[in-house]
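Asker: Show me the folded form of this:
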Amino acid sequence: MQLLIEPNGVIRCVYDEQLDLLSLGRLSIQRGSHVEPTMDGQWTADLSPVQGPELGPFATRTEALTAERQWLETHWLTPT
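Answerer: Below is the predicted model of the structure:
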């Protein structure tokens, strides 16, 4: 699990249950993307909640979830 700790004390991460995030302080959990099926049975990952692109289409939901996490860890969990 990657944590980005900003100079102002804000911590960002892709939610995971590996670490009890409550131990770090008050939580504000927000959706980073929407992984949804398309009309033709494929999958996309829409990262617009974090000003990102729409990824896909992918043949499986697992592929879309993997791409979503990789994009968030590479582009959203980087220092500003």
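Asker: just checking, residue 32 touches residue 76?
Answerer: Yes: at 6.8 Å, residue 32 and residue 76 qualify as touching, with contact defined as C-beta atoms under 8 Å. (Each C-beta comes from the backbone N, C-alpha and C, glycine too.)
Asker: Could you name every residue contacting both of those two?
Answerer: Residues touching both residue 32 and residue 76 by C-beta atoms under 8 Å, 6 or more residues apart in numbering: 47, 50.
Asker: Residue 28 sits in which helix or strand?
Answerer: Under the criterion DSSP states H and E, no helix or strand holds residue 28.
Asker: Please work out how many residues are found near it.
Answerer: Using other C-beta atoms under 10 Å, residue 28 has 6 neighbouring residues.
Asker: cool, and residue 10?
Answerer: The number of residues near residue 10, taken as other C-beta under 10 Å, comes to 10.
Asker: gap between it and residue 71?
Answerer: 20 Å (C-beta to C-beta, to the nearest Å).
Asker: Could you do residue 43 as well?
Answerer: Note on residue 43: its distance to residue 71, by C-beta to C-beta, is 14 Å.
Asker: Same question for residue 4.
Answerer: Distance of residue 4 to residue 71, computed by C-beta to C-beta: 15 Å.
Asker: which of these two has more neighbours?
Answerer: Neighbour count, other C-beta under 10 Å: between residue 4 and residue 71, residue 71 has more, with 18 against 14.
Asker: can I assume the more buried one sits in a strand?
Answerer: No: secondary structure of residue 71 (DSSP: H, G, I helix; E, B strand; the rest coil): helix, not part of a strand.
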